[in-house]
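J.: turn this into a model:
(2 chains)
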There are 2 protein chains.
Amino acid sequence: MALDPKRTVAELKELRELTGDDSGAQRVAWTDTWQRAREWLQGLVASTGAEETFDAAGNQWFTLRGESEHAVLVGGHLDSVPNGGWLDGCLNVIAGAEVLRRIAGEGTPPVTVRLVNWADEEGARFGRSLFGSSAAAGSMVDQDELRGLKDAEGRSLPDAIGAYGVDLDSALHARSELDSAAAYLELHIEQGPVLESLDLPLGVVLGTFGVERHRITWRGQAAHAGSTPMDKRRDALAGAAKLALEIRDVAGRTGGGAVCTSGGVVCKPGIVTSVVETAEQLLDQRHLDAANLAAMLADAKTASERFAEEESIDVEWERIWSIDPILFDDTLLGFCEEAIEEVAGTAHRLPSGPLHDAAEISRAGVPTAMLFVQSLRGLSHTKLEDTKEEHLELATAALDRLASKTIAWVAAGGGR
Amino acid sequence: MALDPKRTVAELKELRELTGDDSGAQRVAWTDTWQRAREWLQGLVASTGAEETFDAAGNQWFTLRGESEHAVLVGGHLDSVPNGGWLDGCLNVIAGAEVLRRIAGEGTPPVTVRLVNWADEEGARFGRSLFGSSAAAGSMVDQDELRGLKDAEGRSLPDAIGAYGVDLDSALHARSELDSAAAYLELHIEQGPVLESLDLPLGVVLGTFGVERHRITWRGQAAHAGSTPMDKRRDALAGAAKLALEIRDVAGRTGGGAVCTSGGVVCKPGIVTSVVETAEQLLDQRHLDAANLAAMLADAKTASERFAEEESIDVEWERIWSIDPILFDDTLLGFCEEAIEEVAGTAHRLPSGPLHDAAEISRAGVPTAMLFVQSLRGLSHTKLEDTKEEHLELATAALDRLASKTIAWVAAGGGR
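T.: Residues are numbered from 1 along each chain as shown, chains lettered A, B, ... in the order given. All right, here's what the predicted structure looks like:
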């Protein structure tokens, strides 16, 4: 039973019909539609004889026992954002199912192979991403906060996950699933424009960016737009405007693929007849190198203090969230590069801006690799998300080759 | 019965007690508290024998008949914003009541003198300023729009004003109140920092600024903050940020007291993980000279187009509202300057940034003058609004002298 990448494309379309509508994919975690997708996945791999289990965090596992208990994990997530795309998350799982079928068709593998569908990667409903993989990685430490989260309709997270047999207090028991994990592999769409701009179908992911996320509050003085001369103003928006422009230079000075984004400014009182008293600005900075990330943050802070002085306003920084860069496993990166070169000729190494389940698993100490397939126009989290079918087929073939190389490596004593 | 400016300060405090709370003044138009203030005002001038009437727009008039029907009007507004200051609006009315008592105490004046309390100057509840004065001026042309306005609790404007005997269709009948008006006088707090910075108590108001108010929409492309390299972004916030800074130079290039304000920017999707796709920016530009105002608008538009090109984004301008500059009457400005010099030594001429009822009455062709009294720290529309008591007394004395000069002028055939 040979690998059939065209079948993967057909199955992606089948899932789109089953769980999408005119607005896009609707497989939001902890909903009926998501459950329908999970049941459909079971049908996809039924022929392999892999055992289906659900762990304490709601992750769905299919375990194909091998000659050794050491396991190579292939994973992704079936859940989507509301009105999402047809590929984000489910490509990994459906291509993984094809790889599992190919391996099962060749008899008992030398090591155990497990396909995992992580629960609630997107966090679309409760605002908490990477739910299932962080529980499995042991990095979920915010149970008390999660207990208080509610969706837009007022339903609590504990109530919603309880309907799927998941309990917050015992979710961390999912950690035991990684006890036998020797390596973790994940394929994902790029969700960015880099591979398309290089005209390459596939890329080796070096790791995930470290992220520094801050809320910056500028405080000036509300004043009447008509009666306050220009030289007597303390305009909070001026600080936010200067920083929104400066961060482009901050990223440029740092280099190495640095990105800085000001995703929004909220002005108060925010009316046409008043100078802005308070401007709350969001800032997201990312880099693959921890020292560069720290320097980039310091650069932006120094600039903000200069702007506050220039404008006679105050500035205050509050960290919303941060994560260190996570670098994937060198050996597996090499396998990934070989696999891509074998199926597509040229591989490109690039960092991942978005976080992925792979980052959680890597943080837990499991040697990890990711490969990216080109995204058209860099779009995702929208029904406009797309990838050429021939590239989806190449991606499935590359994942299969990567799996073979990794299985051989683990069988020979490699991996954790 | 001599003028008693100290009594004006005492009555301002009495009204504050009667209609304010810990958060400030609560005399929002068309409410019980506002009605209480109107009844209190009636008591203030009862001794003068002036006749109290309410016109079709809810304006409250006290008419002291003189030897001639030609009338000198002294006006202001008792209504406040919620959590407002103790002076904005009511100073004009209470000082005017003191002037009316002084005149009545001297017997029948040579011309008729009328004190008017304009209804709903602030527009705090329904977002429509200058309700009563625009009806009287005949410049209320938005009845159909007013009919659809609702307050925060869902009550319609017609319903709220109906409770005070005012009907939108007949409100314009208030125009007849100006038939006999020969001149209009108004005293107001400056609501800006100019007089305080010059260390002067009183100023002559040249007129009210013309205003150009626009909503500027910048359209770029939403893109993932992590996966989109800096050079592949089309960031709508960058356009808004550049313009928020540029308008200071636009005002500086125009000169002549020009002011430009960006009161807010609303970003969409407005999340920390996305480049801003759409930024809606508010812009308010004011000048006392119509040609300068038009040039200043053109300058900002040209700059915005340059920014759109630089950032590969789109920009669109939509006019929210505009009004021409309104210049007050030259003769009355001269009287006003004399009156201030007599009570305070030095007068300063300055434009008014905010609009006032006086602008509506001037637009209707009634010779008009305004005087400003210093505002501490330029604050208004807050309970922190304040003016030194000695300045309030000087202001009352100056209004009285201005009224005397104007009455003599009208009696001699001046005014309309």
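J.: domain map for chain A?
T.: A:5-208+A:325-411, A:210-323 (automatic domain parsing).
J.: got a markdown table for those, with mean pLDDT and distance to chain B too?
T.: To be clear about C-beta, it is placed using only N, CA and C from the backbone, and glycine gets the same treatment. Below are the domains of chain A laid out as a markdown table (pLDDT from 0 to 100; distance: least, C-beta to the nearest C-beta, whole Å):
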| stretch | mean pLDDT | distance to chain B |
| --- | --- | --- |
| domain A:5-208+A:325-411 | 96 | 2 |
| domain A:210-323 | 95 | 2 |
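J.: want to try TSV for these, with distance to B:Glu190 and mean neighbour count as columns?
T.: Converted to TSV, the domains of chain A look like this (distance: least, C-beta to C-beta, whole Å; neighbours: other C-beta atoms under 10 Å in any protein chain shown):
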stretch	distance to B:Glu190	mean neighbour count
domain A:5-208+A:325-411	47	21
domain A:210-323	6	21
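J.: which stretch of helix or strand covers A:Ala183?
T.: Assigned by DSSP states H and E, A:Ala183 belongs to strand A:181-189.
J.: can you give the strand pairings for that strand, parallel or anti for each?
T.: strand A:68-76 (parallel), strand A:368-373 (parallel) (DSSP bridges).
J.: need the domains of chain A in JSON lines (columns: distance to B:Thr31).
T.: Converted to JSON lines, the domains of chain A look like this (distance: least, C-beta to C-beta, whole Å):
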{"stretch": "domain A:5-208+A:325-411", "distance to B:Thr31": "34"}
{"stretch": "domain A:210-323", "distance to B:Thr31": "21"}
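J.: contacts only, for A:Val113.
T.: A:Val113 makes contacts with A:63-64, A:66, A:71-72, A:74, A:100, A:103, A:403, A:407, as judged by C-beta atoms under 8 Å, 6 or more residues apart in numbering or on different chains.
J.: try it again at 6 Å.
T.: A:64, A:72, A:103 (C-beta atoms under 6 Å, 6 or more residues apart in numbering or on different chains).
J.: that's a strand at it, yeah?
T.: Yes - A:Val113: assigned to a strand according to DSSP: H, G, I helix; E, B strand; the rest coil.
J.: related to what we said a few turns ago, right, and the domains of chain A - which one's nearest B:Val259?
T.: Taking C-beta to C-beta, domain A:210-323 is the member of those nearest to B:Val259, at 6.0 Å.
J.: quick one: end-to-end distance for the closest one.
T.: Across domain A:210-323, the terminal residues are separated by 5 Å (C-alpha to C-alpha, to the nearest Å).
J.: check the offset of it from the chain's centre.
T.: 26 Å (C-alpha atoms, centre = their mean, to the nearest Å).
J.: please apply the same query to stretch A:335-345.
T.: Stretch A:335-345 sits 23 Å away from the centroid of its parent chain (C-alpha atoms, centre = their mean).
J.: what distance do you get for A:His391 to A:Ser375?
T.: According to C-beta to C-beta, to the nearest Å, A:His391 and A:Ser375 sit 9 Å apart.
J.: about what we covered before: any chance of the strands paired with strand A:181-189 in JSON lines, plus distance to B:Ala290?
T.: Output for these, formatted as JSON lines (distance: least, C-beta to C-beta, whole Å):
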{"stretch": "strand A:68-76", "distance to B:Ala290": "64"}
{"stretch": "strand A:368-373", "distance to B:Ala290": "59"}
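J.: quick one, helices of chain A?
T.: A:5-19, A:32-45, A:90-105, A:131-137, A:143-147, A:157-162, A:194-198, A:236-254, A:290-311, A:330-344, A:357-363, A:389-411 (DSSP state H).
J.: what are the contacting residues of the strand holding A:Ala183?
T.: Applying C-beta under 6 Å, 6+ apart, the external contacts of strand A:181-189 come out as A:70-75, A:87, A:92, A:95, A:358, A:361, A:366-371, A:373, A:375, A:387, A:395, A:399, A:402, A:406, A:410, A:415-416.
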